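Student: Take this sequence and fold it.
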Amino acid sequence: MVYHPDFFRRPAKPFTRRVLRQAAKHACAEAPNEACGLVCDGRYVPCTNMAEDPMQEFVIAPDELAEAYASGTLEGIIHSHPGGPWRPSRADMAGQIETGVPWAILVPGEDDAQLACWWGAQRPPVMTKQGLHVPRAFLHGVSDCYSLCQDFYRETAGLDLPDIARDWEWWLDPDLHGNLYVDNLSAQGFEVIATDPQTYAELARPGDAYLMAIRSKVPNHAGIYLGDGLLLEHMHGNLSHREPIARKLKHITHWLRHRG
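Tutor: Down below sits the predicted model:
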């Protein structure tokens, strides 16, 4: 099976073409306010945005959401971002984690709305059965370096690293947002085995992880060491890929290993 790098910007269950067409009409009608609705039993159910500032956020009425949960038909949630951004906010990510169903974002225009992304459903595999990497396009919070590491460890070690709600460029103000990678290492079962390339070269194992600080005072990027001098990488603006470790050694701040 061939997976397109922009998998999260293409229709996929429960966000079928039919559902997205229905949601797009609603999003255009509600703009410049954010539209919101539920995907229940294969159809889009428009909801009223109950937020105090519907141009900046959305709130689905608790009774509407509760009814969908009680019926057992809730499959997903869709809302719009008039004017963008084309990625989930920290609040969007937190909401998806709390509801436990996939979410999608539409960006409305004058006559139609485009699918910005969906997330919270199963992503394509990191590797094929033949050992080839499946490239992914980058979108923060949906398909990025952390999600690549999540899927790698799930596939290769059966580890379920938790989803973490985060703002784009959270690393520019770590006093406000925290040092998300370093602060969560121990809780996720990782330990630092080295902080310099020379020491790590003597300890390296396939499946170890690393952190980098890219134009940041704190580590804001992670990847996987595959062995044989290769890294599994996914940086902003690029497809995920494998590349020689020598190109990145000087930027790496931490080498990590999972205790499991």
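
Student: what ranges do the helices span in the chain?
Tutor: Assigned by DSSP state H, the helices in the chain fall at 17-30, 62-71, 90-99, 145-157, 174-177, 180-184, 197-203.

Student: in the first one, what counts as buried?
Tutor: Which is helix 17-30. By neighbour count on 16 or more other CB atoms under 10 Å, the buried set for helix 17-30 is 19-20, 22-28, 30. The way it works is simple: take the backbone N, C-alpha and C, and place the C-beta from them, glycine included.

Student: pull the CA atoms of it into CSV?
Tutor: Provided in CSV are the C-alpha atoms of helix 17-30 (Å, rounded to 0.1, in the frame of the first residue of the first chain):
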residue,chain,number,x,y,z
ARG,A,17,-15.5,13.2,1.3
ARG,A,18,-19.3,13.2,2.0
VAL,A,19,-18.8,14.4,5.6
LEU,A,20,-16.3,17.0,4.6
ARG,A,21,-18.6,18.4,1.9
GLN,A,22,-21.3,18.8,4.5
ALA,A,23,-19.0,20.4,7.0
ALA,A,24,-17.6,22.7,4.4
LYS,A,25,-21.0,24.2,3.7
HIS,A,26,-21.5,24.8,7.5
ALA,A,27,-18.0,26.3,7.8
CYS,A,28,-18.6,28.8,5.0
ALA,A,29,-22.0,29.8,6.3
GLU,A,30,-20.7,30.5,9.8
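
Student: so which of the helices of the chain gets nearest Thr48?
Tutor: Across the helices of the chain, Thr48 has its closest neighbour in helix 62-71 (7.9 Å, CB to CB).

Student: Counting by contacts, list what the closest one packs against.
Tutor: Helices and strands touching helix 62-71, by 3 or more CB pairs under 8 Å, 6 or more residues apart in numbering; DSSP states H and E, are strand 36-40.

Student: helices and strands around the strand it packs on, which ones?
Tutor: Strand 36-40 packs on helix 17-30, strand 43-47, helix 62-71, strand 74-80, going by 3+ CB pairs under 8 Å, 6+ apart.

Student: To Gln114, which of the ones you listed lies closest?
Tutor: Gln114 lies closest, by CB to CB, to one member of the helices and strands packed on strand 36-40: helix 17-30, at 8.0 Å.

Student: For that closest one, the averaged confidence score.
Tutor: Averaging the model's pLDDT scores along helix 17-30 yields 97.

Student: which strands and helices sit next to that helix?
Tutor: Going by 3+ CB pairs under 8 Å, 6+ apart, helix 17-30 lies up against strand 36-40, strand 43-47, strand 74-80, strand 103-108, strand 113-119.

Student: From the contact counts, what lies against the third one?
Tutor: When contacts are defined as 3+ CB pairs under 8 Å, 6+ apart, strand 74-80 packs onto helix 17-30, strand 36-40, helix 90-99, strand 103-108.

Student: 10 Å instead?
Tutor: helix 17-30, strand 36-40, strand 43-47, helix 62-71, helix 90-99, strand 103-108, strand 113-119 (3 or more CB pairs under 10 Å, 6 or more residues apart in numbering; DSSP states H and E).
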